[in-house]
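> here's my sequence, what's the structure:
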Amino acid sequence: MSEIDTAADYEVSRQPVREAFIKLAEEGLLEVRPQRGTFVRKISIKAVMDARFVREAVESDVVRAAARAHDPEVAADLLRQIDDQRRAVEEGFERFIQLDERFHQTLAQAAGVSGAWQVLETLKLQMDRVRYLSVMRFPMEKLLAQHEAVARAIEAGDEAAAEAAMRHHLREILSDLPEIALANPDLFEQSGPARDLG
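Down below sits the predicted model:
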């Protein structure tokens, strides 16, 4: 990637682009090689798996707390969001992903730990790259059903069911990742999905 070209594309000066490149490099998305250029880093399967592990641990507790609170307004809001997600399937994966983010953020707010979602947002960047590839490749209806299972468990105030539904939802990547990595070998680090995922 070129600072000059990116600045021209977005019609901004080079300074904000340089700052963005530094931030993206800190987050592991870009690699700056002095005297050679700036390159988009390939997806690290280990980083994806680490992020998934932490996200599952945090969000399982989040949905338990949301179910414990048993707020009918929260449950109704989550179900409305799922209806929005269903309509967004027709609009394309980018809109769906925005609504997916909102759904998970709402869960954290319902549990009274919105700061936890802010922590996860930075942590899950590599995982998000796989999510984009996943929704482009696999039916979004499966994700909708998983979201609905979480929302229904919260609506019922069933902590165990909410946790089980969230764990199932976040483990989906374990089955999708090998297929995605094999279909897009140029996007993944050379450590190899077969060796990392069994």
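> check whether the residue lying farthest from the centre of the chain sits in a helix, strand or coil.
Here the chain reaches farthest from its C-alpha mean at residue 35, the gap being 33.3 Å by CA atoms, centre = their mean. Assigned with DSSP: H, G, I helix; E, B strand; the rest coil, residue 35 falls in the coil class.
> now residue 78: how far from residue 152?
9 Å (CB to CB, to the nearest Å). Backbone N, C-alpha and C define where each C-beta goes, glycine included.
> quick one: which of these two has more around it?
Ranked by neighbour count (other CB atoms under 10 Å), residue 78 and residue 152 place residue 78 first, with 21 against 17.
> ok, residue 30 - how many residues close by?
So residue 30, with other CB under 10 Å, has 17 neighbours.
> in this structure it contacts residue 39, no?
Yes - with contact defined as CB atoms under 8 Å, residue 30 reaches residue 39; the gap is 6.9 Å.
> shared neighbours, these two?
residue 1 (CB atoms under 8 Å, 6 or more residues apart in numbering).
> which strand or helix spans the residue nearest the centre of the chain?
Centroid check for the chain by CA atoms, centre = their mean gives residue 128 as the closest residue, at 3.9 Å. Using DSSP states H and E, residue 128 maps to helix 125-137.
> what's the distance between the helix or strand following that helix and the middle of its chain?
For helix 125-137, the following helix or strand on the C-terminal side (DSSP H and E) is helix 141-156. For helix 141-156, the separation from the chain centroid amounts to 17 Å (computed by CA atoms, centre = their mean, to the nearest Å).
> contacts for helix 141-156 next, please.
Outside of helix 141-156, the residues within contact range by CB under 8 Å, 6+ apart are 63, 66-67, 70, 72, 74-75, 78-79, 81-82, 85-86, 89, 96, 100, 103, 107, 110, 135, 159, 161-162, 164-166, 168-169, 172.
> domain parsing for the protein?
According to automatic domain parsing, the chain is divided into the following domains: 3-40, 45-185.
> what average pLDDT does the last one get?
Read that as domain 45-185. Mean pLDDT, computed over domain 45-185, is 92.
> and it, how far apart are its ends?
One end of domain 45-185 to the other measures 12 Å (CA to CA, to the nearest Å).
> need the longest helix for the chain.
helix 45-69 (DSSP state H).
> could you name the helices and strands sitting against the helix or strand following that one?
Toward the C-terminus, helix 45-69 is succeeded by helix 72-91 as the next helix or strand (DSSP H and E). Applying 3 or more CB pairs under 8 Å, 6 or more residues apart in numbering; DSSP states H and E, we find helix 72-91 packed against helix 93-110, helix 141-156.
> brilliant, that's me finished.
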